[in-house]
Every structure is written in C-alpha cells, then in structure tokens.
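A.B. asks: next comes the sequence, and after it the predicted model I'd like to discuss.
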Amino acid sequence: MLTDAELESLVAACCEGDDEEAVWELADAAAGEPGRVAPHHVRLPAARVFGRSEVYRGADAAITGALVAMVDAGDPEPYLLRDCVAAGDPEVALAAFLRWRESVDVDDHTRSAGWELDREGRRRDLVTGRAFELLAVDGEEAGPGEAVFGGASGEHCPWCGMELHDALDLPPGSAAAKALALPTEDHVRVLVCPRCADYGTVLSEYDGEGGCAWSAANVRPSWNGPVLDGWDPYPSRLVLGPARPAGASGSAWNDGGSTLGGQPDWIQDPERPACSRCGRTMLFVSMNCGSDLWDGEGCLYVFVDLDCRTGAVLYQQS
C-alpha cells in the first residue's frame with residue numbers, strides 16, 4: 001500500500017509528462033483501493049492522463065462530467081476518454097453512454113468498467129460490489145464447505161479425461177456465500193478442467209442443489225495441450241479471506257491476488273463471456289491466480305448467470 005507521500009509523488013510523475021510506468025502504478029493503486037486516487041483526479045485530465053481507465057475509479061460527477069465534455073468537444077483521443085468515463089460517476093456515465101450509443105459502439109467501454117446498457121437503457125452491473133481475498137491453503141486443510149476454489153468434483157472432462165474441479169463453490173449459508181451476498185439462495189457451482197481451460201473457455205451448468213455438470217455448449221479447441229497423467233493440478237485450495245475495499249481488484253500478477261467478487265485484473269484484454277443459454281453478458285465472480293495455486297503465472301476468471309444457472313471459466317497469461 002502506497003503512503004500518501006508516495007501517492008502524491010506518483011500523481012506528480014503522471015502529470016509531468018509521458019511516464020507510462022507511473023500511470024500503470026497509479027492505475028494499480030486506484031484499482032486496489034477505489035477512491036484513494038479521487039482527491040487527485042482534478043489534476044489528471046489537464047495532464048491528459050488517460051492511458052489506464054482504472055485511474056478514474058471513484059471519480060465524482062464533476063470530474064466525470066469534465067471527461068464527457070472533452071469527448072463532446074472533439075478531443076483527439078475519444079476512445080481512451082470513453083473508457084475513463086465508464087469508470088467514473090455512475091449517473092453521469094450512464095447519461096453520456098445513452099447518448100453516445102446512438103452513434104458509436106459503447107459496449108467495449110462500459111463492459112471494461114464492469115457494466116453495460118440493457119435494451120431499456122438501464123445500467124446492468126457485471127461485477128459485485130463486495131470483494132474478498134481468497135487465501136491459499138493446503139488441500140487437506142480446507143474444511144467441508146470452505147474451499148471456494150479447487151475442490152475435486154468427481155466428474156471428468158469429456159475431452160481429456162482429467163478430473164474436473166470446482167472453479168467456484170458457494171453452498172448457501174457458507175461464509176463465502178454470505179460474504180458475497182449474491183441475490184440467490186442457490187448452491188452456486190462452476191466447474192473447470194485444469195488442462196482444457198488453458199486453451200478455451202469452459203462452460204458448466206448447475207442445478208442450484210449442489211449438482212454441476214459439463215455443458216453441452218462447450219466448443220472443443222483445436223488443441224488442448226499435452227497429456228498430463230498423474231499431474232496434481234491444484235495442490236492448494238482457495239478459501240475466504242479478509243474483505244478488500246468495495247469494488248477493488250485483486251492482482252493477477254502477485255502472490256495473494258486471488259479475489260472473490262470485486263473487479264477483474266486482466267492480464268490481456270478484457271473478456272466477458274456470454275451465457276450459453278440466454279446470451280446475456282455474465283457476472284464476474286472471482287479470479288484465481290497461478291501465483292497462489294501452482295506457484296506460476298496466469299489467472300482463471302470465473303463468471304455466472306444466476307438466472308440461467310450457468311458458469312464459465314476463462315484463462316489468461318502473459
């Protein structure tokens with residue numbers, strides 16, 4: 001966590017010129033502690049600090065409105081500015097994107113910030129407000145109902161034969177389910193194949209009573225990796241840890257970055273899978289990092305559609 005002096009120095013470096021590294025550090029600070037950078041927002045638009053939209057998380061109506069005005073005035077970087085607007089004040093951003101969608105495709109901008117416009121012009125959030133650390137423990141140390149990620153399912157992948165694992169397991173009444181407070185009383189589960197998820201999105205369907213199965217909508221990739229007989233894919237399990245600031249991102253790069261809820265920290269470009277049943281953009285629920293699970297890089301991102309009882313897991317690495 002940056003001290004106030006370190007944050008001030010970082011903001012100054014961003015405002016003084018073309019310091020891309022400083023902008024990335026400032027964006028990471030804003031993503032990890034939404035609102036922390038807010039007192040400094042007033043200095044950033046004039047300095048054209050637009051390279052990372054996360055910088056503007058927690059921006060108030062005045063700052064967001066100023067960004068909107070720059071777009072409307074014909075600024076030469078409207079795409080970057082729209083990303084920043086999407087991350088800012090919800091009401092101001094909603095009004096702007098309702099107007100802009102008449103002339104430009106706005107979905108990439110809003111979805112990168114964790115929301116989208118529905119057909120009626122309402123804001124539909126694609127992330128949860130709450131965020132919690134997911135802590136790595138040895139598989140034998142996770143008690144019944146404690147492992148949010150990593151438990152063996154007893155089912156096997158129809159493509160490669162490896163045992164499927166829980167990418168998300170939220171029994172109703174469990175500490176993790178209570179903490180995340182999803183608007184459902186279902187037992188929410190999502191499955192992942194440790195091998196095939198590296199090569200394509202893995203879809204599953206749950207029944208709300210604890211059952212979960214491989215989805216017939218899965219599309220097999222042209223190649224799904226080498227045979228890994230005897231490999232223990234997830235020696236660790238992830239269990240609920242302390243709360244992060246509301247709406248925070250974990251880190252896809254650092255130890256301890258795995259997170260339940262909050263915003264995703266993308267390694268590559270943002271990806272938002274669509275529900276295999278209804279076609280709606282799915283809700284992001286967790287990110288599970290290689291640094292916590294197998295002492296390596298990469299991250300598994302987990303999504304659900306609570307109405308259709310579907311799940312999706314996608315993998316990114318550098």
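C.D. replies: Received it, and whenever you're ready, just let me know what you need.
A.B. asks: can you tell me how far the residue at the greatest distance from the centre of the chain is from Leu117?
C.D. replies: Relative to the C-alpha centroid of the chain, counting by Cα atoms, centre = their mean, Ala73 is the outermost residue, at 32.1 Å. The gap separating Ala73 from Leu117 is 23 Å, by Cβ to Cβ, to the nearest Å. No exception for glycine: its C-beta is placed from N, CA and C like everyone else's.
A.B. asks: roughly how far does Asp138 sit from Arg237?
C.D. replies: Taking Cβ to Cβ, one finds Asp138 at 8 Å from Arg237.
A.B. asks: who has more neighbours, those two?
C.D. replies: Per other Cβ atoms under 10 Å, whichever of Asp138 and Arg237 has more neighbours is Arg237, with 25 against 9.
A.B. asks: list the residues that contact the more buried one.
C.D. replies: Each residue near Arg237 by Cβ atoms under 8 Å, 6 or more residues apart in numbering is listed here: Ala136, Val137, Asp138, Gly139, Glu141, Ala142, Glu146, Ala147, Val148, Phe149, Gly150, Gly151.
A.B. asks: surely Pro264 meets Phe284?
C.D. replies: Yes. Applying Cβ atoms under 8 Å as the test, Pro264 and Phe284 come out as touching, 5.5 Å apart.
A.B. asks: got any residues that touch both of those two?
C.D. replies: What both Pro264 and Phe284 touch, as defined by Cβ under 8 Å, 6+ apart, is the set Val127, Tyr301.
A.B. asks: so those two - more neighbours on which side?
C.D. replies: For Pro264 versus Phe284, the count of surrounding residues by other Cβ under 10 Å is larger for Pro264: 26 against 23.
A.B. asks: residues contacting the more buried one?
C.D. replies: Val127, Ser249, Ala252, Pro270, Phe284, Met287, Tyr301.
A.B. asks: quick one: pLDDT of the most centrally placed residue in the chain?
C.D. replies: Geometric centre of the chain, nearest residue: Pro264, 2.0 Å, by Cα atoms, centre = their mean. Note for Pro264: predicted pLDDT of 96.
A.B. asks: with Leu80 instead?
C.D. replies: 97.
A.B. asks: and the closest residue to it other than its chain neighbours, how many neighbours?
C.D. replies: Counting by Cβ to Cβ, 6 or more residues apart in numbering, the nearest residue to Leu80 once its immediate chain neighbours are dropped is Phe50, at 4.1 Å. When counting by other Cβ under 10 Å, one arrives at 21 neighbours for Phe50.
A.B. asks: that's all I had, so thanks and see you.
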